[in-house]
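Colleague: Structure, please.
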Amino acid sequence: MKRLSIFLSTTFAVMMFLGLSPEGVQAGSCNLPDFASAIFSDPFTINNPYMPLTPRTLFQYQPVPNPDNVVNWVYVTDTHKQITVGGKSISCLQVHDYVEVDGFLSEDTLDWHAQDNDGNVWYCGEATTVFLPGGQTDTSGSFTAGEDVANIGVTALPGIIMPGYPKSGE
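Modeller: Residues are numbered from 1 along each chain as shown. Below you'll find the predicted structure:
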């Protein structure tokens with residue numbers, strides 16, 4: 001589970017770096033979502049039926065079967081984080097996500113989500129800490145949309161984590 005979480009975080013961060021500008025960009029055969037055109041009247045009210053995030057809600061996920069004794073906790077806070085991408089500023093709902101393995105904290109993450117007027121839930125970044133053996137930590141999976149996180153001249157972009165009206169095959 002820990003490796004899967006790290007893999008997904010890293011993969012998503014790499015995907016965010018594919019766009020070189022905040023406008024809709026085409027990469028190969030996929031179209032990146034157009035954040036510049038999205039309208040956010042109430043971005044931290046996330047009531048998408050496939051991914052509702054109500055403040056002060058706690059979710060517990062436990063893989064079945066669970067040979068590694070892994071528990072993933074997700075707490076929807078009522079805290080907000082402001083992000084700015086291409087001059088467009090929105091307030092994102094903060095979600096505290098943490099993973100325990102054998103009763104010990106292995107990952108602690110703050111994720112930032114916002115919902116547009118079309119019901120799409122946008123993923124706008126995360127501050128993540130992975131706890132490694134020997135008391136070391138790794139925060140390399142952290143990024144904030146609108147920032148050059150890796151200091152390589154590429155701005156991280158937000159992406160849609162849950163479409164408002166998903167279609168078969170998406």
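Colleague: where are the low-confidence patches of the protein?
Modeller: 1-29 (pLDDT under 70).
Colleague: all helices for it, in order.
Modeller: 2-17 (DSSP state H).
Colleague: The spatially most central residue of it: what's it in contact with?
Modeller: Centroid-nearest residue in the chain: Tyr123, 4.2 Å away (criterion: C-alpha atoms, centre = their mean). Contacts for Tyr123 (C-beta atoms under 8 Å, 6 or more residues apart in numbering) come out as Phe12, Asp111, Trp112, His113, Pro158, Gly159, Ile160, Ile161. C-betas here are computed from N, CA, C, even on glycine.
Colleague: Let's see that with 6 Å instead.
Modeller: Gly159, Ile161 (C-beta atoms under 6 Å, 6 or more residues apart in numbering).
Colleague: partners of the longest strand along the chain, with directions?
Modeller: Determined from DSSP state E, the single longest strand within the chain is strand 70-85. Applying DSSP bridges, strand 70-85 is found paired with strand 57-61 (antiparallel), strand 88-101 (antiparallel).
Colleague: Serialize those to a markdown table and add fields for distance to Glu170 and mean neighbour count.
Modeller: As requested, these are exported to a markdown table (distance: least, C-beta to C-beta, whole Å; neighbours: other C-beta atoms under 10 Å):
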| stretch | distance to Glu170 | mean neighbour count |
| --- | --- | --- |
| strand 57-61 | 22 | 11 |
| strand 88-101 | 22 | 19 |
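Colleague: Out of the ones you listed, flag the one nearest Asp42.
Modeller: Closest to Asp42 of the strands paired with strand 70-85, according to C-beta to C-beta: strand 88-101, at 9.4 Å.
Colleague: Please state the offset of the closest one from the chain centre?
Modeller: Put simply, strand 88-101 sits 7 Å off its chain's centre (C-alpha atoms, centre = their mean, to the nearest Å).
Colleague: so what's the spatially most distant residue from the centre of the chain up against?
Modeller: Taking C-alpha atoms, centre = their mean as the measure, the residue most remote from the mean C-alpha position of the chain is Gly134, 27.6 Å away. Not one residue lies near Gly134 by C-beta under 6 Å, 6+ apart.
Colleague: before we move on, what about Tyr50?
Modeller: Listed by C-beta under 6 Å, 6+ apart, the contact set of Tyr50 reads Met162.
Colleague: got it, and Glu126?
Modeller: Glu126 neighbours (C-beta under 6 Å, 6+ apart): Thr109, Asp111.
Colleague: List the beta-bridge partners for it.
Modeller: So, taking DSSP bridges as the rule, Glu126 has Asp111, Phe143 as bridge partners.
Colleague: quick one: it from Gly159, how far?
Modeller: Noted for Glu126: a distance of 12 Å to Gly159, by C-beta to C-beta, to the nearest Å.
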